[in-house]
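In: Sequence unavailable; structure follows:
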């Protein structure tokens, strides 16, 4: 009985250490929406979700000061519509537990007067839904500006 207790305690300690080292949960939370206005300072293409598709991640200088990083969506969904120096208005979900530069996942973005909806009200990406255009870009005709 004594050995079994030691194994369980060791197992519990190991589980606690492993969970403490896990990265912050990376998901869209519709209860943590914020509006962000600013200027694009950097456009990166990252393998955020593995090697399936590179995601556009922006570094935005907020109008009130400071930088934040915003995950927009897969490059094929937006093409090359975003560039440094553009003014943007973004509605996004703030990730919990990020240290340093705030990290957000965009629900919609307005660039040069065009509003592009990226996720529905619950946060599900529009690029994964049926009914997309033949080339898969932007969720098909008529999706812009709709929720």
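Out: Looks like it arrived, so ask away. The structure presented is a predicted model; accordingly, all values stated were derived computationally and were not measured. Numbering: from 1, shown residues only.
In: helix/strand/coil for residue 76?
Out: Here residue 76 is recorded as helix under DSSP: H, G, I helix; E, B strand; the rest coil.
In: hang on, it packs against residue 56?
Out: No - with contact defined as C-beta atoms under 8 Å, residue 76 does not reach residue 56; the gap is 10.0 Å. Bear in mind the C-beta positions are built from the backbone N, C-alpha and C, glycine included.
In: which ones are touching residue 86?
Out: 39-40, 111-112 (C-beta atoms under 8 Å, 6 or more residues apart in numbering).
In: Which among those residues count as buried?
Out: 40, 111 (16 or more other C-beta atoms under 10 Å).
In: Give me the below-cutoff pLDDT ranges for this structure.
Out: Applying pLDDT under 70 to the chain flags the ranges 1-25, 50-51, 97-98, 130-147.
In: of all the contacts of residue 86, which two lie farthest apart?
Out: 39 and 112 (12.4 Å; C-beta to C-beta).
In: Would you format the contacts of residue 86 as CSV with distance to residue 30 and secondary structure included?
Out: Below are those laid out as CSV (distance: C-beta to C-beta, whole Å; DSSP: H, G, I helix; E, B strand; the rest coil):
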residue, distance to residue 30, secondary structure
39, 26, strand
40, 24, strand
111, 22, strand
112, 26, coil
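In: can you give me the helices in the chain?
Out: 2-20, 75-78 (DSSP state H).
In: Now do the strands in this structure.
Out: Using DSSP state E, the strands found in the chain span residues 33-46, 55-62, 67-74, 87-94, 103-111, 114-117.
In: Quick check: neighbours of the fifth one in the sheet, parallel or antiparallel?
Out: Partner strands for strand 103-111, per DSSP bridges, with pairing direction: strand 67-74 (parallel), strand 87-94 (antiparallel), strand 114-117 (antiparallel).
In: Equivalent analysis for the second one, please.
Out: Partners of strand 55-62 in the sheet, by DSSP bridges, are strand 33-46 (antiparallel), strand 67-74 (antiparallel).
In: Can you list the buried residues in it?
Out: Quick answer for strand 55-62 (16+ other C-beta under 10 Å): 55-60.
In: for those residues, which one is nearest residue 123?
Out: The closest of the buried residues of strand 55-62, once distances to residue 123 are taken by C-beta to C-beta, is residue 55, at 15.1 Å.
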